[in-house]
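K.L.:
return atomic coordinates for the entry below.
(2 chains)
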Amino acid sequence: MMIALAETRNVTMRFGSFTAVDSVDLSVDVGEVVGLLGANGAGKTTVIRLLLGLVRPSQGEVSLFGAPPSMATRRRIGYVPQTLGLYDDLTVQENWTFTASAFDSTRIALPPSISDARDRLVGTLPLGLQRRVAFAVAFSHEPELLVLDEPTSGVGPLSRARLWQDIRDSAEHGTGVLVTTHNMEEAEQCDRLAVMAGGHVVAEGTVAEVIGDRHVVEARCDSWQDAFSVLDAEGLIVQVQGDVLRVPASPQHVEEVLTRHHLRADVATVPANLEEAFVSIVSAGALR
Amino acid sequence: MTWGLEDASVRFGSRTALDHLTLPVEPSTVSIVVGGDGAGKSTLLRALVGLVRLSSGAARRPQKQEIGYIPATAGLYIDLTVDENVAFSAGAYGVRGPDLARRSTELLERIGLSDARTRLGGQLSGGMQRKLAVGMALLHRPAMLVLDEPTTGVDPVSRAELWRLISGAAAEGSAVVVATTYVDEARRASTVVLLEQGRSIAVGSPSDIIAAVPGKLGVVESSEQPQGLSWRWGKTWRVWAPSLELPPGAESLQPNFEDAVMIAALSDERKI
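P.N.:
A predicted model of the protein is given here:
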């Protein structure tokens, strides 16, 4: 049997009377990119801290590379926090050397992707390049598990594509990757998702599996503004896309409301997107 | 156009922060400015509301007291209560008397803060703080509402609620302009402008931007990078042939909005 790179088995974490993480099973396998999603306060950060070995669970087991987290397992992990974890007032080379010595890495040469910026202070680089440096530094000791927090937050489309290429290249060399994100574009790039709400994993699987057979109603009308106002007044969470409205409700309900206000619309049922599915899953999860 | 920027440039010393940018901003619509950090989004918004002087070009905007603007980092006072924040904003915009009482009750109810009027701004969750800030900017029913990255770092549930407020302002007649780094969010706009180094590299409705994609887009299922202009999407590659045929093994694909944005950025970088 293949051992997961990182695994929590029925893990619960309590802080005083507050249960931050409740009976969570989660694993990251070799070569897999797993997305961890959840509203703020859902327990994602605590799960990461448990996996990194920064806190010990109140109950259950955490294993990294088949053993409990320790300094030895920590060396085999690369972590890029959202704040990047670089020293702004050191150069790219100095940041690299510092991390290499902390991890006892023997790799001295900067990778070509960042070598042009060798002597520049990290704080003076554009954000896309800073992120590339943070990635290169986190990848420098050839970690077997990468933990990335909103890895492409705030970068333009080209930098985002290059960062995802780096992530995929690592995964294809066998690295397991755990990505936490609020960004649905990032989530859609993952092989598998785990959605947390209120300390529980409330949904799991590929993007298609997480969306499942959830649907929304699409309404096209002469004036989206009028239709929005009457549907919104009914308490429906209407999302506007251009001049099309997307409503998590039954088509009959939407038609009934619009007809009551003498508004004509083409109403159709369409598959929900990941963001709509997420909102529906998390809202239901919070009620239990 | 009613409001907006016309061939507007902003230079700081030798640096061009905004480069000949045109963005019409109409009442009852949402315009979205998309780009990475440093692309010029904040400069564009500040030029639009009159906080930055144009080096050339023109800006059309309503009177100052008819604008609602929230910069990326602020929007409320953490050491004032919810009520005090609302009162401050009302004072600044000249909303008084029965209109203030009615409007603030309505907005706080909509935001879900009716029962938290005596709580300090700093005690609210991040998502709630953003909603309150947007609510405060809406208090005086601005003709133009300008929001700098209101949803950055906000979870999808709070994001949906924020967009409910923002779309609601447009439905009530405001001309709304929102900056974001999330490409998927731009699908909500009637007009999108994609910024890169202060320049507009694509502008129009999301469907116009998709329709304007030249050449062919394909998908390749392989771990090897295919020939031509390509980028990763999950385990597969997207490959774009601006004029030529797709490389062998590529299956033709209709571009979605994210693809169209990537192609606009690639075209801009490669001068295609």
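K.L.:
got the residue ranges for the strands in the stretch 151-288 of chain A?
P.N.:
Shown for the stretch 151-288 of chain A, the strands assigned by DSSP state E, counting those that start in this stretch span residues A:176-180, A:192-197, A:200-205, A:215-221, A:239-241, A:244-247, A:265-271.
K.L.:
residues from the stretch 1-150 of chain B in reach of chain A?
P.N.:
For the stretch 1-150 of chain B, the residues in contact with chain A (CB under 8 Å from any CB of the partner chain) are B:Ser28, B:Val30, B:Gly35, B:Gly36, B:Asp37, B:Gly38, B:Ala39, B:Ser125, B:Gly126, B:Gly127. Any C-beta I mention is one placed from the backbone N, CA and C, and that applies to glycine too.
K.L.:
for the first one, which residues are in contact?
P.N.:
Residues touching B:Ser28, when contacts are defined by CB atoms under 8 Å, 6 or more residues apart in numbering or on different chains, comprise A:Gln225, B:Ala170, B:Ala171, B:Gly173, B:Ser174, B:Ala175.
K.L.:
go again with 6 Å.
P.N.:
Applying CB atoms under 6 Å, 6 or more residues apart in numbering or on different chains, one finds that B:Ser28 lies in contact with A:Gln225, B:Ala170, B:Gly173.
K.L.:
looking at the residues you listed, state which has the most neighbours.
P.N.:
Each of the contacts of B:Ser28 was scored by neighbours using other CB atoms under 10 Å in any protein chain shown; the highest score is B:Ala170's, at 24 neighbours.
K.L.:
so it is in which element?
P.N.:
Taking DSSP states H and E as the definition, B:Ala170 sits inside helix B:156-171.
K.L.:
also A:Gln130?
P.N.:
The secondary structure element spanning A:Gln130 is helix A:127-139 (assigned by DSSP H and E).
K.L.:
I'd like the next helix or strand past that helix.
P.N.:
The first helix or strand that comes after helix A:127-139 along the chain, using DSSP H and E, is strand A:145-149.
K.L.:
related to what we said a few turns ago, nearest to chain A among the residues of the stretch 1-150 of chain B next to chain A?
P.N.:
Here the nearest of the residues of the stretch 1-150 of chain B next to chain A to chain A, counting by CB to the nearest CB, is B:Gly36; it sits at 3.1 Å.
K.L.:
what about the residue nearest to the closest one when sequence neighbours are not counted, how many neighbours?
P.N.:
The shortest distance from B:Gly36 to any residue that is not its chain neighbour, by CB to CB, 6 or more residues apart in numbering or on different chains, is 3.1 Å, and that residue is A:Gly156. A:Gly156 has 26 neighbouring residues, counting by other CB under 10 Å.
K.L.:
if I look at A:Gly156, what pLDDT would I see?
P.N.:
Note for A:Gly156: predicted pLDDT of 88.
K.L.:
please apply the same query to the one 5 residues further on.
P.N.:
As summarised for this prediction, A:Ala161 has a pLDDT of 90.
K.L.:
can you tell me the closest non-neighbouring residue to A:Ser223?
P.N.:
Counting by CB to CB, 6+ apart, A:Leu263 is the residue found nearest to A:Ser223 once chain neighbours are left out, at 7.8 Å.
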